[in-house]
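K.L.:
only geometry, no sequence info:
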């Protein structure tokens, strides 16, 4: 079980402090895998268990103080400024009007308004092959349990959502993978200089800075940033495992995805094993483009 899904880590980043359990997770035969859809903004909706009312919002619904759960159009107008958040307000109003009033609380990515074949909500362009008749297009991926929003537990969405009114087109690709017969290797941790949480955060910033600048992160870069060749070896090994795993994915019921004019498999995947979730993304391909794409306002 996990608290609200606010951020996912890359598996190679997760080993920096010495916790190598993500390697076992990569080899797990009990994983749930979903395709990561590059939508924006993230939308949370459902029935508030505390008052029984339907609401929509962004991840701010989980805030402890500046809570923005919108039960009506009036709430959206109250919480957001038309001059600075006009597009977001339009999205939330459309979601309030069209998302089905079914039990539960869900999170997904907004792809766009219906009447189109092609959608580019963020960095990736999606082609569906035919016009979408629904009012809005949403890619749901998570559902929540609990009554206290800040501590609600996130779970990967395994059921297929259906809107009986036809107002929402839900995008939920089906992902499977070729099973690896071998077991996870045992990595020796002796004499490895792992990082503290603060050092790991600084290292991730440095690695992302190289990717943002368009540079390929070399092994020499990793040694320089991480300060230990053995740790750099573990990091590079987990990264290679990630790419091998991504090549084994089999995806059905997904729109075609393009990065510029180049057809790609998609943004990547989200893998969940027990209480652990992480993202499988080609950082040199997608993260560079995403870093240099304007953020959703």
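P.N.:
Done, it's in. Just so it is clear, the structure is predicted and the values come from calculations on it, not from any experiment.
K.L.:
contacts only, for the residue nearest to residue 140 when sequence neighbours are not counted.
P.N.:
With sequence-adjacent residues excluded and distances taken as C-beta to C-beta, 6 or more residues apart in numbering, residue 140 is closest to residue 108, at 3.6 Å. The way it works is simple: take the backbone N, C-alpha and C, and place the C-beta from them, glycine included. By C-beta atoms under 8 Å, 6 or more residues apart in numbering, the contact set of residue 108 is 39, 42-43, 138-142, 170.
K.L.:
which secondary structure state does residue 200 sit in?
P.N.:
Assigned by DSSP: H, G, I helix; E, B strand; the rest coil, the conformation of residue 200 is helix.
K.L.:
my read: it touches residue 17, true?
P.N.:
Yes. Between residue 200 and residue 17 there is a contact at 5.2 Å, judged by C-beta atoms under 8 Å.
K.L.:
those two: which is more packed in?
P.N.:
The neighbour count for residue 200 versus residue 17, taken as other C-beta atoms under 10 Å, is higher for residue 200 (18 against 15).
K.L.:
for the more buried one, what are its contacts?
P.N.:
Counted by C-beta under 8 Å, 6+ apart, residue 200 has contacts 13, 16-17.
K.L.:
just for the chain, where's the confidence low?
P.N.:
1-6, 286-297 (pLDDT under 70).
K.L.:
and stretch 167-178, how far from the chain's centre?
P.N.:
14 Å (C-alpha atoms, centre = their mean, to the nearest Å).
K.L.:
end-to-end on that stretch?
P.N.:
In stretch 167-178, first residue to last residue: 36 Å (C-alpha to C-alpha, to the nearest Å).
K.L.:
ok, how many other residues are close to residue 32?
P.N.:
When neighbours are defined as other C-beta under 10 Å, residue 32 has 16 of them.
K.L.:
list the residues that contact it.
P.N.:
156, 158, 271-273.
K.L.:
buried among those? Need that as a selection in PyMOL.
P.N.:
Buried residues within those, by 16 or more other C-beta atoms under 10 Å, are selected in PyMOL with:
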select buried, resi 156+271+272+273
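K.L.:
circling back: tell me the one of the contacts of residue 108 nearest residue 90?
P.N.:
Residue 90 has its nearest neighbour among the contacts of residue 108 in residue 43, at 12.3 Å by C-beta to C-beta.
K.L.:
what lines up beside the helix or strand hosting the closest one in the sheet?
P.N.:
Residue 43 is part of strand 42-47 when elements are defined by DSSP states H and E. When pairs are called by DSSP bridges, strand 42-47 turns out to pair with strand 54-57 (antiparallel), strand 105-113 (antiparallel).
K.L.:
neighbour-wise, which one of the contacts of residue 108 leads?
P.N.:
Result: residue 138 is most packed of the contacts of residue 108 (other C-beta under 10 Å), 28 neighbours.
K.L.:
beta-bridge partners for the closest residue to it other than its chain neighbours, please?
P.N.:
Spatially, and ignoring its direct neighbours in sequence, residue 138 is nearest to residue 108 (4.7 Å; C-beta to C-beta, 6+ apart). Taking DSSP bridges as the rule, residue 108 bridges to residue 43, residue 140.
K.L.:
which parts of the stretch 1-150 of the chain are strands?
P.N.:
Under the criterion DSSP state E, counting those that start in this stretch, the stretch 1-150 of the chain carries strands at the ranges 32-36, 42-47, 54-57, 105-113, 118-119, 125-127, 136-145.
K.L.:
residue 81 is nearest to which of the ones you listed?
P.N.:
Nearest of those to residue 81, taken as C-beta to C-beta: strand 54-57 at 15.6 Å.
K.L.:
which residues are in contact with the closest one?
P.N.:
Under C-beta under 8 Å, 6+ apart, the answer for strand 54-57 is 43-48, 61, 68-71, 92, 95-96, 99, 101.
K.L.:
check these against residue 133 and report the nearest one.
P.N.:
Nearest to residue 133 out of those is residue 99 (C-beta to C-beta; 16.2 Å).
K.L.:
please report how far the closest one lies from residue 31.
P.N.:
Going from residue 99 to residue 31 by C-beta to C-beta, to the nearest Å gives 29 Å.
K.L.:
ditto for residue 10
P.N.:
In terms of C-beta to C-beta, residue 10 sits 16 Å off from residue 31.
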